[in-house]
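Participant: below: sequence and its predicted model.
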Amino acid sequence: MAHDQSASFLSRTLRNLRSGWRAIAGSAYDAEAASFNPDLPEDDAERLKRQMQACLDRRGGEVSARAKAAALGHVYLALDPKGREGFLNILAGAFDVDHQAVKAAAEAAVQTGDLDASRAAEQVLREALTAPRVRLLTQFNALPDGVKFLADMRAELLALARGDSALEGLERDLRGLLTTWFDVDFLELRRIKWNSAPAALLEKLIAYEAVHAIESWDDLKNRLDSDRRCFAYFHPRMPQEPLIFVEVALVKGLAGNVQALLDENAPVIGPNEADTAIFYSISSAQKGLAGISFGNFLIKRVVDLLRQEFPGLKTFATLSPIPGFRAWLESSLKEGMADMLLPAERAALKVATGGTLGSKGALKALLADPGWPDKPASRDALRAPLMRNCMRYLLEEKSKGARALDPVAHFHLTNGARIERLTWMADRSPKGIEQSAGIMVNYLYRLGEIDSNHEAYTSEGKITTAGAFRMLNAE
């Protein structure tokens, strides 16, 4: 359902944007501008370059500039993927900084001795370092949904720019603009309710949910019930586009099974009876805002709101996936990492496979069987080695800068959480089995420790855990 909903509302959004921008463009949108072929052949590319330059020339005042930007944006929206790639390459190459002017300005700034002259030379250098395309991109900010347009443009750039220095430069320029515009102080945190949210916004929750797919309207309604909460950040220029949203269940005790948590037939408890808030899904909704941080403020803000609404809440924790575990495990098996299996684990794995395979071969064979979670013998043999190696993965495996290798772990540890508990067979969905062998983890937000945990992790790479986690106190 999520894929269908996504295609549906994205198609409507694109259609509405084209129509709205064509109206703004007015006379700047003419038959010639409309005749670009979707794949942007060479003749069209030259004409497009002239149209971009006309946007930069600013002839006719701000109203005219806005109309020209709308006409240019309409061209981009009408192109196919190949054509949009050509559009971006023109923007990246033909409207980059003038490298000779930068070099000359830098030399002049170095050679100038007088303070006033130095300041003037540095200003010239700053202007030279600003690519003309930055001014062009900024013009879209004044258009309806222009900020969303630029975020979506960056989403396409992120996929195209790897290894291409010109496109990487354009992506950096666009990221710089978006980072300024999406400062967390500009954002609004709103609760999304079933009875009051626009249908189009509810559709977007279904489409953007990235952790546990929303299977139906009834599933969504259950996630917005009285013992549930959903909060999202919005930008004032994108009032119906969630940037990131978090789903929360109000329960008794620490949750350890996501299927039970999302069961539509489970009894609804009175939210005032709950003592625990479980953050079970956090989804970034805009791919074009990747790497622009505002999610780390989300949980703290939501905790404050929940404490005000429900003073009886004592525990704030997550029930989180471990999306990188299976990939790391399989890579480690190929590399022959030492100490992956203890003697008792080796013996159990051999018994479970009839003694015909070595221990690592037995581990691979059991995991290759998609039905292993439903086979007691396989499940029992896999539990100890998978849980122990999952703990190792979360605590010891690091990427650049001593950050946790698992992206979800890094997110919560950066936010000041501690690793509380590892739970066996907590997510038996196909996705949960494929990514983490069904294992999930609780990250606990202890309000008095958030700042110290954050500081220890971000400055020293130190991961704070509960003693119960180290003893694999899993259900």
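Facilitator: Sure, I can see it. Numbers count the residues shown, from 1 in each chain.
Participant: show me the shaky parts of the stretch 51-200 of the chain.
Facilitator: 60 (pLDDT under 70).
Participant: rerun that using 80 as the cut-off
Facilitator: Low-confidence segments of the stretch 51-200 of the chain (pLDDT under 80): 58-65, 113.
Participant: could you pull out the strands for it?
Facilitator: 188-191 (DSSP state E, counting those that start in this stretch).
Participant: and if you look at the stretch 351-475 of the chain?
Facilitator: 418-423, 440-444.
Participant: in terms of secondary structure, what does the first one contact?
Facilitator: Contact here means 3 or more C-beta pairs under 8 Å, 6 or more residues apart in numbering; DSSP states H and E; on that basis strand 418-423 packs against helix 376-396, strand 440-444, helix 467-470. C-betas here are computed from N, CA, C, even on glycine.
Participant: closest to Leu129 out of the strands of the stretch 351-475 of the chain?
Facilitator: strand 440-444 (41.6 Å; C-beta to C-beta).
Participant: who's sitting farthest from the centroid in this structure?
Facilitator: Relative to the C-alpha centroid of the chain, counting by C-alpha atoms, centre = their mean, Asp114 is the outermost residue, at 48.3 Å.
Participant: need the contact list for that one.
Facilitator: Taking C-beta atoms under 8 Å, 6 or more residues apart in numbering, we find Asp114 in contact with no residue.
Participant: Phe310 too?
Facilitator: Phe310 neighbours (C-beta under 8 Å, 6+ apart): 250, 271-272, 274, 277.
Participant: try 7 Å
Facilitator: Residues in contact with Phe310, defined by C-beta atoms under 7 Å, 6 or more residues apart in numbering, are 250, 271-272, 274.
Participant: follow-up on the earlier one: deepest in the core, which of the helices and strands packed on strand 418-423 is it.
Facilitator: strand 440-444 (a mean of 25; mean count of other C-beta atoms under 10 Å).
Participant: helices or strands up against it?
Facilitator: strand 315-318, strand 418-423 (3 or more C-beta pairs under 7 Å, 6 or more residues apart in numbering; DSSP states H and E).
Participant: rewinding a little: buried subset of the contacts of Phe310 as a ChimeraX selection?
Facilitator: One line in ChimeraX is enough to select the buried ones among the contacts of Phe310; burial here means 16 or more other C-beta atoms under 10 Å:
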select :250,271,274
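Participant: export the contacts of Phe310 to CSV and tack on secondary structure?
Facilitator: As requested, those are exported to CSV (DSSP: H, G, I helix; E, B strand; the rest coil):
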residue, secondary structure
Leu250, strand
Pro271, helix
Asn272, helix
Ala274, coil
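Participant: show me what Phe245 bridges to in the sheet.
Facilitator: Judged by DSSP bridges, the bridge partners of Phe245 are Ala232, Ser283.
Participant: run a quick neighbour tally on Asn195.
Facilitator: By other C-beta atoms under 10 Å, 6 other residues sit near Asn195.
Participant: try Val248
Facilitator: Neighbours of Val248 (other C-beta under 10 Å): 25.
Participant: then Arg58?
Facilitator: Neighbour tally, Arg58, other C-beta under 10 Å: 13.
Participant: find the nearest non-adjacent residue to it, please.
Facilitator: Ala65 (5.3 Å; C-beta to C-beta, 6 or more residues apart in numbering).
Participant: if we can go back for a sec, among the helices and strands packed on strand 418-423, which is nearest Phe182?
Facilitator: Of the helices and strands packed on strand 418-423, nearest to Phe182 by C-beta to C-beta is strand 440-444, at 24.9 Å.
Participant: what's next to that closest one, contact-wise?
Facilitator: 254, 258, 317-322, 394, 412, 417-423, 426-427, 466.
Participant: now do that strand and strand 418-423, the angle between them.
Facilitator: Put simply, strand 440-444 runs at 150 degrees to strand 418-423, going by axes from the mean of the first three to the mean of the last three C-alpha atoms, to 10 degrees.
Participant: next up, the contacts around Trp194.
Facilitator: Taking C-beta under 7 Å, 6+ apart, one finds 221, 224 in contact with Trp194.
Participant: let's see it at 10 Å
Facilitator: Contacts for Trp194 (C-beta atoms under 10 Å, 6 or more residues apart in numbering) come out as 202, 217, 220-226, 228, 230.
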